[in-house]
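In: Got a predicted model here, sequence first, then my questions.
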Amino acid sequence: MTDPIPTTCMRCAVGCGLLQRGVDIGYGIDTVRGNANYPVNRGMACSRGISETADPDGEWLTRPMVRRDGELVKTTWDTALFEAQRGLGEAMDASPDAVAVLGSGQQTNEAAYALGKLARGGIGTRYYDANTTLCMASAVTAYYDAFGSDAPPPTYEDISEAETHVVWGANPAVAHPVMCRWITQNAEDDGDLIVVDPVRTKTANAADHHVAVDPGGDLDLARAVLARIVETGGVDEAFVAEVTTGFDALRESLPDPEAAADRAGVSMGVVDRLADAFGRDTLVYWGMGVNQSVQGTDTAGALIDLCLATGNLGPGTGPFSLTGQANSMGTRVCSSKGTWPGHRDFGDPEERAVVADAWDVPVDRLPDDPGPGPVGIVDAIDDGPVESVYAVATNPVAGMPDATNVADALDDTFLVVQDAFRTETVEHADVVFPAATWGESDGTAINMERTVSRIRPASDLPRGVRTDLNIIATLGNVLVDGLFDRPTDPASVFDEFAALTAGTDADCSGISHERLDEELAVRWPAPDAETSAGYRYYESEEPRSSESSETPCVSESDDWSFPTPSGRARFSDGEGRPLPEATDDEYPLLLTTARQADGYNTGVRSRDSPDDPGPLVARVHPETLDTHRDALEPNEADELHARVASRRGDVIARITPDDAVPEGVVWLPIHHPATNDLTHPATDPRSDEPNFKQCAVRLARPESDSRTPAFERERPPQHP
């Protein structure tokens, strides 16, 4: 029997340590359990993380494939690499921007770093995204606005110190079960839990108070709360004066709290409850319900403002964005998407020169801006320079808004897809590379609290499968001679990345595989082999304390340091913008999307095959169903079905009455590949993050004419 191998769970961004044991004969994982020695989770683990590590659903890819006469056929690695070189190389000959690259928060740090090096330093394209723009870009932009760098200030250690937990636009009971257990346990023992969400979620059911804000009303509510705090004298004036800048201008621009509360769909009693909560040591967590909006950056900034105005910055308090994909933080630090490795400024010529020198490439090959997000990349296929796409561990045909348009656009490109599983995007590919998955890969990941830990294989690779890092380096050297001329084993690639972060805001130069093998987990910034960071931007000789419900104060021993020009934290000035698509007589209902407990991202690990994604289930309030009963039709099992239609597409859904969903709202899961045929491609103007959460829809009879969803369509023959 093989020995258990320590690793990190890649199901979500909590970053739990696991022990996995490989099978004795063949390939695969035999057993998985929580690692009691791992400092993040101390043996705790969720059932889905264990099951999807040990025995995921999905159709595994085992051989490279190329398209012949319109069909994907199995082939050799040499042939697949030759075809990829031909298609991507022809586009590169036309222009670096003729190639788009799409990465993922499911890669190791080493693979993400290598992919960014290929995209930016090898190809030189502006059209590159690491997938975090679909989930975290608004939070990232707000952090830069406030603190001058991208990092949630709190850590998991602060959860037990907080008196109040405000979960805003997130459902950690479903998305981050282990973390949610820490939050709810602390609230039960000695605290208070408030959940702000239009839907009565599983987390809301566990809360002391549920604030049912109107969909899209989050910014108005946050501003109403701050206005009420100002009105009632709840501002920590000493903290604001000593540590921040910009509050006087914000104070003058705040709305009337009653008017803002009315726009948010809540009472002043609710506003007062939230205002009182920020008078205690409070952690405010937010997720996709805030970020995935045209006003996502402004709303995230408004939540940070609430913390700054009330002195809720420091141990046991602060703004804590909840990351979705397991290594989303890692891609932000490593991948050269929005910043160069270590959060080096993309627009700084000196930083570009440092990166070019480290990579031994001409500095003028590096793009001087980070380019658009994924929606902008699709636009660049439709009417811009992009002719070919290389997609790694991501599924844009199911995961991007207005998915039918995405599928159509990809059909017009030369598409190379690299994945462990057959996905909806694979069906549109010209070349397919089968990649390793959890339990087969070696490297590192970074969880949402900035902790770096090891990913280790417990199984050998099947003969036809290679790791993401190996494929990226091999393809990179085929496309750009000598790009990866240094060793490309995971430890060496990590060392190269870490050296490039030395002296930056996200310094990982004191971390190595060897150190992680010994210590298990290290939190950046870690500029030397002894340091593992704590609360961000803060140092103090004494731990912060608070007396019962009194407003927290800043002691003389506090030492704050922000990488902003003034050295102070900055208040925001965002005023929001209207939702991109209001309801009307033709489309009278509002669609929202969210996670469900048994779904995995676009479902690749939680359903058997793209050919059978299972029924699309829509949750709708009983009163809404009564109003639209003419659109409903029972099947032989007496289940209600309807066609859900937006201005972009329509899908057949099984309808479930659910009074946890507000009246006038249709709730669909993000994991089903049909959902994003409906969603709107509008984006936040500063973060480029799409507005997944609100668009106008209607219900109609299932037999009405409908279009074929993107995930069901076959790609027409494009290339010989």
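Out: Nice, I can see it.
In: Can you mark which positions in the lengthiest helix in the chain are buried?
Out: Identified as the longest helix of the chain according to DSSP state H is helix 77-94. By neighbour count on 16 or more other Cβ atoms under 10 Å, the buried set for helix 77-94 is 80, 81, 83, 84, 85, 87, 88, 91, 92. To be clear about C-beta, it is placed using only N, CA and C from the backbone, and glycine gets the same treatment.
In: again with stretch 603-621
Out: 603-607, 610, 613, 616-621.
In: show me where the stretch 151-300 of the chain has strands.
Out: 164-168, 192-196, 209-211, 244-245, 282-286 (DSSP state E, counting those that start in this stretch).
In: Can you report phi and psi for the residue most central in space within the chain?
Out: Nearest to the mean C-alpha position of the chain, by Cα atoms, centre = their mean, lies residue 135 at 3.6 Å. The phi/psi pair for residue 135 (degrees, to the nearest 10) reads phi -140, psi -30.
In: What does the pLDDT read for the nearest residue to residue 495 once chain neighbours are set aside?
Out: Residue nearest to residue 495 in three dimensions, not counting chain neighbours: residue 512, with 6.3 Å by Cβ to Cβ, 6 or more residues apart in numbering. At residue 512, the pLDDT value in this model is 98.
In: got a list of what residue 512 touches?
Out: 491, 494, 495, 498, 529 (Cβ atoms under 8 Å, 6 or more residues apart in numbering).
In: By neighbour count, sort out the buried ones in the residues you listed.
Out: Buried by 16+ other Cβ under 10 Å: 491, 494, 495, 498, out of those.
In: out of those residues, which one sits closest to residue 673?
Out: For the buried ones among the contacts of residue 512, the closest approach to residue 673 (Cβ to Cβ) belongs to residue 494, at 34.1 Å.
In: can you pull the contacts of the closest one?
Out: Here residue 494 is in contact with 109, 110, 113, 443, 444, 511, 512, 513 (criterion: Cβ under 8 Å, 6+ apart).
In: which secondary structure element contains it?
Out: Using DSSP states H and E, residue 494 sits in helix 490-500.
In: Can you name the next helix or strand after that helix?
Out: helix 513-519.
In: List the neighbouring strands of the helix or strand following that following helix plus their orientation.
Out: Using DSSP H and E, the helix or strand that follows helix 513-519 in sequence is strand 521-523. Next to strand 521-523 in the sheet, as set by DSSP bridges, lie strand 451-455 (antiparallel).
In: elements contacting the next helix or strand after the strand it pairs with?
Out: Following strand 451-455 in sequence order, the next helix or strand is helix 468-479 (DSSP H and E). Here helix 468-479 touches helix 77-94, helix 109-116, strand 388-392, strand 414-419, going by 3 or more Cβ pairs under 8 Å, 6 or more residues apart in numbering; DSSP states H and E.
In: for those, which one sits closest to residue 680?
Out: strand 388-392 (22.2 Å).
In: quick one: contacts of the closest one?
Out: Under the criterion Cβ under 8 Å, 6+ apart, residues 84, 87-88, 90-91, 98-104, 107, 111, 115, 377, 381, 410, 413-419, 425, 435, 468, 472, 475 lie in contact with strand 388-392.
In: So which bits of that strand are buried?
Out: For strand 388-392, burial by neighbour count (16+ other Cβ under 10 Å) applies to 388, 389, 390, 391, 392.
In: Repeat that for stretch 248-267.
Out: Residues of stretch 248-267 classed as buried by neighbour count (16+ other Cβ under 10 Å): 250, 254, 257, 260, 261, 262, 263, 264, 265, 266.
In: Using a markdown table, lay out the residues you listed together with pLDDT and distance to residue 662.
Out: Below are the buried residues of stretch 248-267 laid out as a markdown table (pLDDT from 0 to 100; distance: Cβ to Cβ, whole Å):
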| residue | pLDDT | distance to residue 662 |
| --- | --- | --- |
| 250 | 98 | 30 |
| 254 | 97 | 27 |
| 257 | 98 | 22 |
| 260 | 98 | 19 |
| 261 | 98 | 17 |
| 262 | 98 | 16 |
| 263 | 97 | 15 |
| 264 | 98 | 13 |
| 265 | 98 | 9 |
| 266 | 98 | 12 |
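In: Identify the farthest-apart pair in those.
Out: Pairwise distances across these (Cβ to Cβ) peak at 23.4 Å, for the pair 250 and 265.
In: what's the spatially closest residue to residue 280 that is not a sequence neighbour sitting at in phi/psi?
Out: Leaving aside its chain neighbours, residue 280 sits nearest to residue 163 (4.3 Å; criterion: Cβ to Cβ, 6+ apart). When read as degrees, to the nearest 10, the backbone of residue 163 gives phi -90, psi -30.
In: which SS class is residue 58?
Out: Under the three-state scheme (DSSP: H, G, I helix; E, B strand; the rest coil), residue 58 adopts coil.
In: Give me the nearest residue to it, chain neighbours excluded.
Out: residue 421 (4.2 Å).
In: neighbours around the one you found, how many?
Out: Residue 421 is flanked by 21 other residues according to other Cβ atoms under 10 Å.
In: who touches it in this structure?
Out: So residue 421 contacts 58, 59, 60, 61, 437, 604, 605 (Cβ under 8 Å, 6+ apart).
In: Can you turn the buried part of these into a PyMOL selection?
Out: This is how PyMOL selects the buried members of the contacts of residue 421, with burial counted by 16+ other Cβ under 10 Å:
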select buried, resi 58+59+61+437+604+605
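In: Now render the contacts of residue 421 as a markdown table, adding distance to residue 632 and pLDDT.
Out: Listed next are those as a markdown table, based on distance: Cβ to Cβ, whole Å; pLDDT from 0 to 100:
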| residue | distance to residue 632 | pLDDT |
| --- | --- | --- |
| 58 | 32 | 93 |
| 59 | 33 | 95 |
| 60 | 38 | 95 |
| 61 | 39 | 97 |
| 437 | 40 | 95 |
| 604 | 31 | 92 |
| 605 | 32 | 92 |
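In: so which of the contacts of residue 421 comes closest to residue 158?
Out: Closest approach to residue 158 among these (Cβ to Cβ): residue 605, at 30.9 Å.
In: give me the number of residues near the nearest residue to the closest one once chain neighbours are set aside?
Out: Among residues not flanking residue 605 along the chain, residue 56 sits closest, at 4.0 Å (Cβ to Cβ, 6+ apart). Number of residues near residue 56 (other Cβ under 10 Å) recorded here: 19.
In: Next one, pLDDT for residue 56 please.
Out: pLDDT for residue 56: 93.
In: give me every residue that touches it.
Out: Going by Cβ under 8 Å, 6+ apart, the list of residues near residue 56 reads 437, 438, 600, 605, 606.
In: Would you agree residue 221 is in contact with residue 257?
Out: No. Contact criterion Cβ atoms under 8 Å: residue 221 and residue 257 do not qualify, at 10.0 Å.
In: Now do the strands in the stretch 301-450 of the chain.
Out: Remark: strands assigned in the stretch 301-450 of the chain by DSSP E, counting those that start in this stretch are 318-321, 388-392, 414-419, 431-434, 443-446.
In: Shouldn't residue 619 be within a helix?
Out: No. Applying three-state DSSP, one finds residue 619 to be strand, outside a helix.
In: how near is it to residue 594?
Out: Separation of residue 619 from residue 594 (Cβ to Cβ, to the nearest Å): 10 Å.
In: Mind listing the shared neighbours of those two?
Out: residue 667.
In: Output the below-cut-off pLDDT ranges for this protein.
Out: Scanning the chain for pLDDT under 70 picks out 1, 540-558, 636-637, 704-709, 711, 713-720.
In: quick check: longest strand of it.
Out: The residue-count maximum for a strand in the chain (DSSP state E) belongs to strand 650-657.
In: In the sheet, which strands lie alongside that strand, parallel or antiparallel?
Out: strand 617-620 (parallel), strand 640-645 (antiparallel).
In: hmm, who's touching that strand?
Out: 615-622, 625, 632, 639-645, 668, 674-675, 677-678, 699-700, 702, 704, 706-707, 709.
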